[in-house]
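Undergrad: need coordinates for the following:
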Amino acid sequence: MTASVRGRRGGKVAVQTELPTSVLSNFENEWWAGNVRMTDLSGMLLGAHLCHAALMSVVPGAFIVQEVARYQPGVSLPDQGMIFMPHLAALGVGIGAGGEVVDTYPFFVIGVLHFFIAAVCCAAGLFHTFRGEADLNDAPDESYAAAFRYEWDNFESLSTIIGHHLVFISVACLIFAVNAAYGTGMYDINTDTVHQISPNLNPVTLWATFSDLPPTVGAVLEWQQSTTWKT
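TA: Residues are numbered from 1 along each chain as shown. So this is what the prediction gives:
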């Protein structure tokens, strides 16, 4: 099987009939070889990742919308075979006291929002697959894409790429944390209520949590610290 790869060199479009095979494997240039065919094609690999992101967004969006469409009031979500709505309900979406679903519209909005995200990622993925440079090393030096040129032995380039990944993941985590503390809050199974979470920024507690210490040890350390402060 052959494939056409587009790359820009000197303002012209060069067509490559064979995808290069990774030196790390013995896979042939077949469709089932996966992304290993794009080891040396950063542009094509970026397009594949964006299309994967689109798929990962459209699938839960579709599930959420269809679950909203078949939701039956008065029947618990597990008994209806729901998968995604219970997770959203745990985040305080659309539920009230006693864990009862009071409004399905927020669920629908979140599902449609996943469709928009999928559309953007899909458009970007198709662009990098069919129109963009197959290798970002061919991108103009003044372009933003040039910052994401990668070579496996280039520490600075790979650090830039993983740094952007971590920034986006951190922003997503921060959105969830801000929503829990200042937005809709979260569902509390102990009180059957939805309420905002008060962040605990005590460094001793955080250290105990990140160090995976038993809760009792963290509590003792926090008590000792508070006693020291008082004296």
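Undergrad: for stretch 191-202, C-alpha coordinates in CSV please.
TA: Once non-C-alpha atoms are left out, stretch 191-202 reads as follows in CSV (Å, rounded to 0.1, in the frame of the first residue of the first chain):
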residue,chain,number,x,y,z
THR,A,191,-24.8,14.7,52.8
ASP,A,192,-26.6,14.1,49.5
THR,A,193,-26.1,17.7,48.6
VAL,A,194,-24.3,19.8,46.0
HIS,A,195,-22.0,22.4,47.5
GLN,A,196,-18.8,24.2,46.8
ILE,A,197,-15.5,22.8,48.0
SER,A,198,-13.3,24.8,50.3
PRO,A,199,-9.7,24.4,49.0
ASN,A,200,-7.2,23.3,51.7
LEU,A,201,-3.8,24.9,50.8
ASN,A,202,-2.1,23.9,54.0
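Undergrad: look at the closest residue to Thr184 other than its chain neighbours and report its pLDDT.
TA: By the measure of Cβ to Cβ, 6 or more residues apart in numbering, the closest residue to Thr184 outside its immediate chain neighbours is Gly92, 4.0 Å from it. Heads up, the C-betas are built off the backbone N, CA and C, glycines and all. The model reports Gly92 with a pLDDT of 87.
Undergrad: residues in contact with Gly92?
TA: Asn179, Ala180, Gly183, Thr184, Gly185, Met186, Tyr187, Val194 (Cβ atoms under 8 Å, 6 or more residues apart in numbering).
Undergrad: now with 7 Å, please.
TA: The contact partners of Gly92, by Cβ atoms under 7 Å, 6 or more residues apart in numbering, come to Thr184, Gly185, Met186, Tyr187, Val194.
Undergrad: most neighbours out of those, which is it?
TA: The most crowded member of these, judged by other Cβ atoms under 10 Å, is Val194 (22 neighbours).
Undergrad: show residues contacting the helix or strand in which that one is found.
TA: If you go by DSSP states H and E, Val194 is part of strand 193-195. In this structure, residues lying in contact with strand 193-195 by Cβ under 7 Å, 6+ apart are Gly92, Ile95, Gly96, Ala97, Thr184, Gly185, Met186, Tyr187, Asp188.
Undergrad: run the chain-centre distance for it.
TA: 26 Å (Cα atoms, centre = their mean, to the nearest Å).
Undergrad: sec struct for the residue nearest to Thr184, please.
TA: coil (DSSP: H, G, I helix; E, B strand; the rest coil).
Undergrad: for this structure, which segments count as helices?
TA: 42-69, 84-90, 105-130, 155-182, 203-210, 215-230 (DSSP state H).
Undergrad: now for the second one, which elements pack on it?
TA: I take that to be helix 84-90. helix 42-69, helix 105-130, strand 186-188 (3 or more Cβ pairs under 7 Å, 6 or more residues apart in numbering; DSSP states H and E).
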